[in-house]
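**Q** from the sequence below, what's the structure:
(2 chains)
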Amino acid sequence: MNTRSLLLLALLLPAALTATAQSRRPQVDLKCEAHGMGPLLDCTVRLRGADGQPLPGAGVTLGATMPSMPMAHTVKPVKALPTAVPGEYRGQLTLEMSGAWAIEIDLTGPVRERVVRVLMAEECDGDGRCPAPPARR
Amino acid sequence: MPLEQAVGLATDIAILSLLALSAYLVLLVGRISFGQQAYFALGAYASGMASTLAGWALAPSLLLGAAVGAVASGLLAWPTLRLSGLNYAVATLALAEMMRIALMRLHFIREVDGYTVGPQGAEGFRDIRWLLENDVSPGAFLLLCLAVLAAALLVLAWLRPRRLGLALRQVGHDEVLAASQGLPVLRLQLLAVAAAGALAALGGGLYAHRATYIEPALFDPMLGVHAVGYALIGGLGTALGPLLGVMFDIGLLEATKVFAGWRMVVFGGLVALFLRFRPRGLLDEATVHRIGAAWRHFRRTS
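**A** Alright, predicted model coming up:
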């Protein structure tokens, strides 16, 4: 392959990689509660299709990373398991400290999607549970 | 470790290696920059905006991000490289923080295919979905990141014994001596710093597309300090040093997970202890020289 062919290929490559038509995205709701030492974060994910109907049968993985140290300060991803409610999945993350955490929700199966929500997770007093609200930016 | 997690970790290592290489390039010409995270951020925002708002494909979006990083880095280096060593390091940190705060003010929202997307200041920039839209698997994206990293390493390895590579190292060893030998010190440093900006921005572009979400808080000084740390831990003997530094750092972070809340304390202590015994990193110049000599001996005798 000569230089001209390589140049032509380099020029055509972006066109070949141009984005395809956008699919309709699922609606993803995330609610988390912190409790215990760490804290532990119990998360409930509710999925609905673009038509508003619950979306069962998806593979849901939850991960978390601290925005202050991207890629380095992460916790082990966990699978969120389906509950009796259609389109609802639950998983527990073990965080290492209180603070703002970016919760990464990866969907596979009927839809492939990644949604990130930044939550403030604090250790609760005693044995209580407290909601992890969206982090104030 | 599950395969998915291993692929994710390897992708992170490849992306962080580009940031580490950018810090290494600046160290190579005798300067320390604590501000490479700013070009990482610029690359992330520029390439994310190109693919999400303008509908560009991934390759030109990444190239645009790299170009923005190189130009910004070069322009900011023009006045700051005239500062002495420590002042330059502080200036890079200050400029990076200025840039991060500026990104907190950046609002550029557009409606694309019925969805509102674009940077929303401190709220961040969501839905950088090129990989999802084009069904690029995590494994394929890892290969892309590794290819970009390999290309960068090959260019640096090719450059090393050549006139330009030797001149850059000479400037890094002793600026005054290099100038007295007729080397254009400022121009060489500008070139290295601009190339470092491009490398960091390329890493940022890849990161934005992998994460799908970026925000100014991601690009705080810790990222820049770690970038310098990767290069110093890995050693400045070859371009493979920063790569080793990232693997050491991420490996240690993973290994210290058992310490839970004390993890960062243990991690920091171990890094300090390591640098006490290997102050010039894993692959310092002397080690590289010894490995080279052993290799030549092996080839002669076999």
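**Q** could you list the low-pLDDT ranges of chain A?
**A** For chain A, applying pLDDT under 70 flags the ranges A:1-23, A:136-137.
**Q** how about the helices in it?
**A** Using DSSP state H, the helices of chain A run over A:3-16.
**Q** pick out the residue closest to the middle of it.
**A** Geometric centre of chain A, nearest residue: A:Ile105, 1.6 Å, by Cα atoms, centre = their mean.
**Q** now that residue: how far from chain B?
**A** With distances defined as Cβ to the nearest Cβ, to the nearest Å, the gap from A:Ile105 to chain B amounts to 11 Å. Placement of C-beta: from N, CA and C, glycine included.
**Q** for the stretch 151-300 of chain B, what lies in contact range of chain A?
**A** Residues of the stretch 151-300 of chain B found near chain A (Cβ under 8 Å from any Cβ of the partner chain) are B:207, B:211-213, B:215, B:217-218, B:220, B:222-223, B:226, B:249-250, B:253, B:257, B:260-261, B:263-264.
**Q** that older thread, so what's the residue nearest to the centre of chain A up against?
**A** Residues near A:Ile105 by Cβ atoms under 8 Å, 6 or more residues apart in numbering or on different chains: A:28, A:30, A:45, A:60-62, A:80, A:113-117.
**Q** is it bridged to anything, and to what?
**A** Beta-bridge partners of A:Ile105, counted by DSSP bridges, are A:Leu62, A:Val115.
**Q** from the contact counts, what lies against the strand or helix carrying B:Gly165?
**A** Using DSSP states H and E, the element containing B:Gly165 is helix B:163-173. Counting contacts by 3 or more Cβ pairs under 8 Å, 6 or more residues apart in numbering or on different chains; DSSP states H and E, helix B:163-173 is packed against helix B:3-28, helix B:138-159, helix B:175-180, helix B:185-211.
**Q** coming back round to it: among the residues of the stretch 151-300 of chain B next to chain A, which ones are buried?
**A** With neighbours counted using 16 or more other Cβ atoms under 10 Å in any protein chain shown, these contain these buried positions: B:207, B:211-213, B:215, B:217-218, B:220, B:222-223, B:226, B:249-250, B:253, B:263-264.
**Q** about what we covered before: in helices, which of the residues of the stretch 151-300 of chain B next to chain A fall?
**A** Reading helices off these with DSSP H, I get B:207, B:211, B:222-223, B:226, B:249-250, B:253, B:263-264.
**Q** where does pLDDT dip in the stretch 1-150 of chain B?
**A** B:1.
**Q** how about the residues of it near chain A?
**A** By Cβ under 8 Å from any Cβ, the residues of the stretch 1-150 of chain B that approach chain A are B:4-5, B:8, B:12, B:15-16, B:51, B:55-60, B:112-113, B:115, B:121-124, B:126, B:129-130, B:132-135.
**Q** from the residues you listed, which would you call buried?
**A** Among these, those buried by neighbour count (16+ other Cβ under 10 Å) are B:4, B:8, B:12, B:15-16, B:51, B:56-60, B:112, B:121-122, B:124, B:126, B:129-130, B:132-133.
**Q** tell me, how many residues neighbour B:Ala272?
**A** 9 (other Cβ atoms under 10 Å in any protein chain shown).
**Q** with the one 5 residues further on instead?
**A** Counted with other Cβ under 10 Å, the burial measure for B:Phe277 works out to 6 neighbours.
**Q** where's it relative to B:Ala255, distance?
**A** Here the criterion is Cβ to Cβ, to the nearest Å. By it, B:Phe277 lies 18 Å from B:Ala255.
**Q** same question, B:Ile128
**A** B:Ile128 is 31 Å from B:Ala255, by Cβ to Cβ.
**Q** now swap in A:Gly99 and tell me
**A** To B:Ala255, A:Gly99 is 22 Å away according to Cβ to Cβ.
**Q** likewise for B:Val29?
**A** Counting by Cβ to Cβ, the separation of B:Val29 from B:Ala255 is 34 Å.
**Q** quick one: which of these two has more around it?
**A** Between B:Val29 and B:Ala255, counted using other Cβ under 10 Å, B:Val29 has the larger neighbour count: 24 against 13.
**Q** for that one, list the residues it contacts.
**A** If a contact means Cβ under 8 Å, 6+ apart, then B:Val29 has B:168, B:171-172, B:188-189, B:192-193 as its contacts.
**Q** cutoff 7 Å now
**A** By Cβ atoms under 7 Å, 6 or more residues apart in numbering or on different chains, B:Val29 lies in contact with B:168, B:171-172, B:188-189, B:192.
**Q** ok, now B:Phe125?
**A** So B:Phe125 contacts B:45, B:48, B:118-119, B:214-215 (Cβ under 7 Å, 6+ apart).
**Q** list the contacts of the helix holding B:Gly165.
**A** Under Cβ under 7 Å, 6+ apart, the answer for helix B:163-173 is B:28-30, B:159, B:178, B:183, B:185, B:188-189, B:192.
**Q** one more pass at 6 Å, please.
**A** B:28-30, B:159, B:178, B:183, B:185, B:188, B:192 (Cβ atoms under 6 Å, 6 or more residues apart in numbering or on different chains).
**Q** out of these, give me the one that has the most neighbours.
**A** B:Ala192 leads the contacts of helix B:163-173 on contacts (other Cβ under 10 Å) with 26 neighbours.
**Q** residue contacts, it?
**A** Applying Cβ under 6 Å, 6+ apart to B:Ala192 gives the contacts B:25, B:29, B:168.
**Q** and if we set it to 8 Å?
**A** Contacts of B:Ala192 by Cβ under 8 Å, 6+ apart are B:25-26, B:28-29, B:168.
**Q** nothing else from me, thank you.
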